[in-house]
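Okay, here's the prediction I keep looking at, along with the sequence it came from:
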Amino acid sequence: MKTNPIFILGRFRSGTSHFWHIFNQLDGFRAWYEPLHPQLLSQIKYTAPKADHVNIKDYWSAYRTVENLSDYHAVRFGSQRLYLTARDSWPELRQYLDFLLAASDDNRPVLQFNRMDFRIQWLVNNYPAANIVYLKRNPLQLWNSQRKHIPELHHDDESYADAYELMQWCADLAPIWPFLAPQPGRHAFYRFYLIYRLSVVLGQQYADVVIDLDEDVFNSDAYLNKLKAFGLDDDSLKKVHALKSIPKRYVISDQDLQELAEIMTEVDALLDESGLLDNLGSQSLDKIKQDHPEFWQQQSLDAKAVIAELNHSWHQEQAEKIRLLAELNDAQKQMDDKQMPDRQLADRTIKTDE
């Protein structure tokens, strides 16, 4: 087993899948996609690549020859304790990652995470020989990419359980940062940008290589030079460049831009006042709170609101499942009705033959 794995970290839709795909296409690497996904075992069985993940044919090839994966993977790895420091211990998570590293055999392991950026201090402490690449993206482009699948009615609803887990993340992190608890009528971009900013603060501080998806990939080829840090030669870099695909850029309206810019200003002021903007990752949370008492004494967790939000989301998901099952049943009935004449004809043919 190689002792210097590569860890790819970043928010959802920040380019982590593309960089996983890069290493998955190169000889000498074993690339693992989303190992912390809560539904990883079901994903491996049933999930095909998204249409906008260009040229990716199979996310799960590295897992298909691995035995006993279920003995090590746990749902909680991707849904609980999303913030970890170097002082925190989680032996089961460490054992799981060690299992994947060992399963890479003689290849250099590459693990792509969308649920590790707030645990980067823990990762550095447990794997000091690893190389970490952090992917960042323009927050407005990232916001659109994460929300474009959501119905217009719920697009700006911070309590909507979207595919990229904004509400779920806030539920887990609210005991640490109470301002992430739900507030009636607040724009979803507020919590999105809070998590984005804190992620970038940690990523830029601890990663060995930081790649800006917009500036280094879409607007230039600067990422190729940055990838040289991982020992890629010129032939490999040519292959990497051939995989490049630039999506259509999201054009934001002036009205939306003004609204989101005001939210960014408000969030940045909050993070500055809290001490997190300058000190997260370099100081303990206890020390930050001690140094900024006026802010933190005003903070209190609204646990009832968090529980109510999760409970409401669960019922919404149950309603959606009922709707989808009804549609599936209707489709099956229509298919059976169309096949009925053919079956009746076949029955008559059999009787005639007799």
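Okay, I see it.

other SSEs contacting the helix or strand harbouring I263?
Taking DSSP states H and E as the criterion, I263 maps to helix 254-274. In terms of contacts (3 or more C-beta pairs under 8 Å, 6 or more residues apart in numbering; DSSP states H and E), helix 254-274 is packed against helix 139-147, helix 188-206, helix 276-279, helix 293-296. C-beta: built from backbone N, CA, C; applies to glycine.

so can I have a markdown table of these showing mean neighbour count, distance to A319 and mean pLDDT?
Output for these, formatted as a markdown table (neighbours: other C-beta atoms under 10 Å; distance: least, C-beta to C-beta, whole Å; pLDDT from 0 to 100):
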| stretch | mean neighbour count | distance to A319 | mean pLDDT |
| --- | --- | --- | --- |
| helix 139-147 | 19 | 21 | 96 |
| helix 188-206 | 20 | 20 | 98 |
| helix 276-279 | 16 | 37 | 98 |
| helix 293-296 | 13 | 39 | 98 |
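
closest to D71 out of those?
Nearest to D71 among the helices and strands packed on helix 254-274 is helix 188-206; the distance by C-beta to C-beta comes to 30.2 Å.

about what we covered before: and the helices and strands packed on helix 254-274 as JSON lines, adding distance to I263?
Output for those, formatted as JSON lines (distance: least, C-beta to C-beta, whole Å):
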{"stretch": "helix 139-147", "distance to I263": "10"}
{"stretch": "helix 188-206", "distance to I263": "5"}
{"stretch": "helix 276-279", "distance to I263": "16"}
{"stretch": "helix 293-296", "distance to I263": "19"}
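
all helices for this structure, in order.
With DSSP state H, the ranges of helices along the chain come out as 16-24, 40-46, 91-103, 120-126, 139-147, 166-173, 188-206, 222-227, 234-242, 254-274, 276-279, 285-291, 293-296, 303-353.

Between helix 234-242 and the first one, find me the angle.
Interaxial angle of helix 16-24 relative to helix 234-242 (axes from the mean of the first three to the mean of the last three C-alpha atoms, to 10 degrees): 150 degrees.

Kindly provide the whole-number mean pLDDT of helix 16-24.
Mean per-residue pLDDT for helix 16-24: 96.

With just CA atoms, put that helix into CSV.
Taking Å, rounded to 0.1, in the frame of the first residue of the first chain, the C-alpha atoms of helix 16-24 are listed here in CSV:
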residue,chain,number,x,y,z
THR,A,16,-14.4,17.2,-6.9
SER,A,17,-16.0,14.6,-9.2
HIS,A,18,-13.9,15.9,-12.1
PHE,A,19,-10.7,15.6,-10.2
TRP,A,20,-11.6,12.2,-9.0
HIS,A,21,-12.2,11.3,-12.7
ILE,A,22,-8.8,12.6,-13.6
PHE,A,23,-7.0,10.3,-11.2
ASN,A,24,-9.4,7.4,-12.0
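
in the chain, which ranges drop under the pLDDT threshold?
1-3, 340-354 (pLDDT under 70).

Highest mean neighbour count out of the helices of the chain?
helix 16-24 (a mean of 24; mean count of other C-beta atoms under 10 Å).

list the helices and strands that helix packs on?
Helix 16-24 packs on strand 6-10, strand 29-33, strand 108-113, strand 131-136, going by 3+ C-beta pairs under 8 Å, 6+ apart.
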